[in-house]
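>>> with the sequence up front, the predicted model follows.
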Amino acid sequence: MLQNQQSTLSNSIRWLQTQSSSDLDLHSQLKELIPEQQERLKKLKAENGKVLLGNITVDMVLGGMRGMTGLLWETSLLDPDEGIRFRGLSIPECQKVLPAAKPDGEPLPEGLLWLLLTGKVPSKAQVNALSRELHGRAVVPDYVFKAIDALPVSAHPMTQFATGVMALQVQSEFQKAYDKGIPKSKYWEPTYEDALSLIARVPLVASYVYRRIYKDGKIIAMDDSLDYGGNFSHMLGFNSPQMQELMRLYVTIHSDHEGGNVSAHTGHLVGSALSDPYLSFAAALNGLAGPLHGLANQEVLLWIKSVVDECGENISKEQLKDYVWKTLNSGKVVPGFGHGVLRKTDPRYTCQREFALKHLPDDPLFQLVSNLYEVVPPILTELGKVKNPWPNVDAHSGVLLNHFGLTEARYYTVLFGVSRSIGICSQLIWDRALGLPLERPKSVTMEWLENYCKKAKAA
């Protein structure tokens, strides 16, 4: 079975490599791809527009639209058992085929951006060219920093980050083009300009927030010799090769998780009103800041540290079980476990675990996380209220960051936000290229549901 899987993987990788183009310009690649995809969408709608995709139940309406198919999202697809696939590639496949900064290193985020936008695995030369383009766009006006400085230093890092992104909106190319009457067929081009500029600039804004809050405002300038992930690590103040590798991995695996999660859906929803990428992404960040979404990675590390504070680093599995039950019996959840879609261990957790085994196998908090992996799922299964008792991406990221010195858990969601810019902005470009309409689902009242159900039962 394993041999068959490896054979399938190698065949898919060979196929993808043959799709790689020698053209170094991402914009021209998209310009070639878009007409073909526009025709594909037109044909899909004409030939299959009335095909049913499933039934909507009252449970779905009352349960946050879980399991309801209702959104086109091209850049990634989440399978309940396999996990995320970026343009058809799993995380292990991305680690194998996407260019890295060094041999056997983690994927460069620029490579994933190219993949999400084109569906093609880029060459190292293409990734280097995109990295140079992002460097050229990474210019943040002073008024952005002044807008952040108008907030108290004590403001949550996500509040400061979202404020900075909103201030960047002043330079929106889409807004300028729309005001001048740009035809709908060309909406994607200023969207592309805004999206790539936003992706290039958010690490500068995010690192400014970090240095302002935690390092007495001592800002570190960008290093043009470094890639996207390495440079972000550098501007935060972490220059070890291992931390730079971690940041490349972190940004890559957090970039996209199909379109139904709160931040991705918010970005798409706001963008469907033709709000520019800055407005759309700022809205997405406010969704990401919620405790049930991106803020969870902060909660995990704080909870793990509470275990250590109360029980010590050398806690036994039996003691750990008692602490988990204590948490659950107090009406709280164990952060970092469970997922709205996944029904297996999150592959993003798995690749972070592999990174830890390679770089920090003896770290006490990593060993605690490993023990939690053995202890928590059986307890949640016994509890019987959780569809997925397995760890998600948040269960591991904080321990890795903490090991390399980024110990400020309140800041972690900002890292998530920088990463998510790549996925949300990629899809926004395709939203405009495909001419996707304003999103407007129908809502109903409880009275409407009650009456409808009475009629349905009586029929």
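Perfect, I can see it now. Treat the numbers as computed from the prediction; the structure is a model and nothing was measured.

>>> can you name every helix or strand that the helix or strand encompassing F281 contacts?
Assigned by DSSP states H and E, F281 falls within helix 277-288. Based on contacts counted as 3 or more C-beta pairs under 8 Å, 6 or more residues apart in numbering; DSSP states H and E, the elements that helix 277-288 packs against are helix 157-168, helix 188-214, helix 262-272, helix 412-433. C-beta: built from backbone N, CA, C; applies to glycine.

>>> which one of these lies closest to L33?
L33 lies closest, by C-beta to C-beta, to one member of these: helix 412-433, at 8.6 Å.

>>> give me the angle between the closest one and helix 188-214.
Angular relation of helix 412-433 and helix 188-214 on a 0 to 180 degree scale: 170 degrees, by axes from the mean of the first three to the mean of the last three C-alpha atoms, to 10 degrees.

>>> ok, and for helix 412-433, which residues are buried?
When burial is assessed from 16 or more other C-beta atoms under 10 Å, helix 412-433 yields the following buried residues: 412-433.

>>> only alpha carbons, please: show it as PDB.
The C-alpha coordinates for helix 412-433 follow below in PDB (Å, rounded to 0.1, in the frame of the first residue of the first chain):
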ATOM      1  CA  TYR A 412       0.900  34.600  17.400                       C
ATOM      2  CA  THR A 413      -2.300  35.400  15.500                       C
ATOM      3  CA  VAL A 414      -0.500  38.200  13.700                       C
ATOM      4  CA  LEU A 415       1.900  35.600  12.200                       C
ATOM      5  CA  PHE A 416      -1.200  33.600  11.100                       C
ATOM      6  CA  GLY A 417      -2.500  36.800   9.500                       C
ATOM      7  CA  VAL A 418       0.600  37.500   7.500                       C
ATOM      8  CA  SER A 419       0.500  33.900   6.200                       C
ATOM      9  CA  ARG A 420      -3.200  34.100   5.400                       C
ATOM     10  CA  SER A 421      -2.600  37.100   3.100                       C
ATOM     11  CA  ILE A 422      -1.100  34.700   0.500                       C
ATOM     12  CA  GLY A 423      -4.200  32.500   0.200                       C
ATOM     13  CA  ILE A 424      -6.900  35.200   0.500                       C
ATOM     14  CA  CYS A 425      -5.300  37.600  -1.900                       C
ATOM     15  CA  SER A 426      -4.600  34.800  -4.400                       C
ATOM     16  CA  GLN A 427      -8.300  33.900  -4.400                       C
ATOM     17  CA  LEU A 428      -9.400  37.500  -4.600                       C
ATOM     18  CA  ILE A 429      -7.500  37.900  -7.900                       C
ATOM     19  CA  TRP A 430      -9.300  34.800  -9.300                       C
ATOM     20  CA  ASP A 431     -12.700  36.100  -7.900                       C
ATOM     21  CA  ARG A 432     -12.300  39.200 -10.100                       C
ATOM     22  CA  ALA A 433     -10.800  37.300 -13.000                       C
END
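
>>> other SSEs contacting the helix or strand just after it?
Per DSSP H and E, the first helix or strand lying C-terminal to helix 412-433 is helix 446-458. Packing contacts for helix 446-458, counted by 3+ C-beta pairs under 8 Å, 6+ apart, involve helix 58-62.

>>> sheet partners, orientation included, of the next helix or strand after the helix it packs on?
Where DSSP H and E defines the elements, the next helix or strand beyond helix 58-62 is strand 76-79. Partner strands and pairing direction for strand 76-79 (DSSP bridges) are strand 83-86 (antiparallel).

>>> name the SS class of M222, please.
Under DSSP: H, G, I helix; E, B strand; the rest coil, M222 falls in the coil class.

>>> how deep is it tucked in, by neighbour count?
18 (other C-beta atoms under 10 Å).

>>> same question for Y323.
When neighbours are defined as other C-beta under 10 Å, Y323 has 19 of them.

>>> quick one on the thing from earlier: could I get the helices and strands packed on helix 277-288 as a markdown table with distance to L357 and mean pLDDT?
Below are these laid out as a markdown table (distance: least, C-beta to C-beta, whole Å; pLDDT from 0 to 100):
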| stretch | distance to L357 | mean pLDDT |
| --- | --- | --- |
| helix 157-168 | 30 | 98 |
| helix 188-214 | 28 | 98 |
| helix 262-272 | 29 | 98 |
| helix 412-433 | 21 | 97 |
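
>>> mind putting these into a markdown table with distance to N371?
Below are these laid out as a markdown table (distance: least, C-beta to C-beta, whole Å):
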| stretch | distance to N371 |
| --- | --- |
| helix 157-168 | 30 |
| helix 188-214 | 30 |
| helix 262-272 | 30 |
| helix 412-433 | 22 |
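
>>> specify the stretch among the ones you listed that is closest to K180.
Distances from K180 to each of these were compared by C-beta to C-beta, and the smallest falls on helix 188-214, at 9.8 Å.

>>> distance from that closest one to the middle of the chain?
Taking C-alpha atoms, centre = their mean, to the nearest Å, the mean C-alpha location of helix 188-214 is offset from the chain mean by 15 Å.

>>> buried stuff in that helix?
Within helix 188-214, the residues scored as buried using 16+ other C-beta under 10 Å are 188-214.

>>> quick check: next helix or strand after that helix?
helix 228-236.

>>> show the average pLDDT along that following helix.
Taken as a whole, helix 228-236 has an average pLDDT of 98.

>>> host element of the nearest residue to D81 once chain neighbours are set aside?
Nearest-residue entry for D81: K344, 5.3 Å, with adjacent residues in sequence omitted and distances by C-beta to C-beta, 6 or more residues apart in numbering. For K344, there is no helix or strand it lies in under DSSP H and E.

>>> I'd like the distance between K344 and E82.
Per C-beta to C-beta, to the nearest Å, K344 is found 8 Å from E82.

>>> same question for E382.
Applying C-beta to C-beta, one obtains 26 Å for the distance of E382 from E82.

>>> with neighbour numbers in mind, choose between those two.
Using other C-beta under 10 Å, the more surrounded residue of E382 and E82 is E82, with 13 against 10.

>>> just the pLDDT for the more buried one.
pLDDT recorded at E82 is 83.

>>> backbone dihedrals for it, please?
Here is the backbone geometry of E82 (degrees, to the nearest 10): phi -90, psi -30.

>>> which residues touch it?
Contacts for E82 were tallied using C-beta atoms under 8 Å, 6 or more residues apart in numbering; they are 90, 344, 347.
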